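> mind folding the following:
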Amino acid sequence: MEQLVTIRTFNSSSDLEMVKIYLESYGIDCYTKDEINNRAYIANVNGGAKLQVKEDRLEEAITYLVEGGYLTKEDMEPSPEIKFIDKILSKFRK
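Presented below is the predicted three-dimensional model:
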């Protein structure tokens, strides 16, 4: 089975569905994770509803999302928190 990769996380299930339909219109199979939890409980309690694609279609999906205005190049950059953690961990990797 092919590996699924989370491409975006949403606070709103309706936003997730809109982007999912957009990618599927280009023939990219999409899957959702934690969508029911996000609807049933407090939004974002488990990190939000996740949109996933197959790993081999990831680059293509990112391209379509950037073209459609659903992602920016900045969205693909690690957050300041991740950069900070990576900086600390890099000291232990040596």
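
> quick check: the gap between residue 93 and residue 6.
For residue 93, the distance to residue 6 equals 25 Å [C-beta to C-beta, to the nearest Å]. (Glycine included, C-beta is placed from N, CA and C.)

> which of the two has more neighbours?
residue 6 (15 against 6; other C-beta atoms under 10 Å).

> am I right that the more buried one is in a strand?
Yes: when classified by DSSP: H, G, I helix; E, B strand; the rest coil, residue 6 is found to be part of a strand.

> quick check: closest non-adjacent residue to it.
The shortest distance from residue 6 to any non-neighbouring residue, by C-beta to C-beta, 6 or more residues apart in numbering, is to residue 50 (4.5 Å).

> burial count for residue 68?
The number of residues packed near residue 68 is 13, by other C-beta under 10 Å.

> now for the residue lying closest to it once chain neighbours are set aside: which residues touch it?
Spatial nearest neighbour of residue 68, chain neighbours left out: residue 22 (5.8 Å); criterion: C-beta to C-beta, 6+ apart. Shown in contact with residue 22 (C-beta atoms under 8 Å, 6 or more residues apart in numbering): 64, 65, 68, 70.

> appreciated, that's everything.
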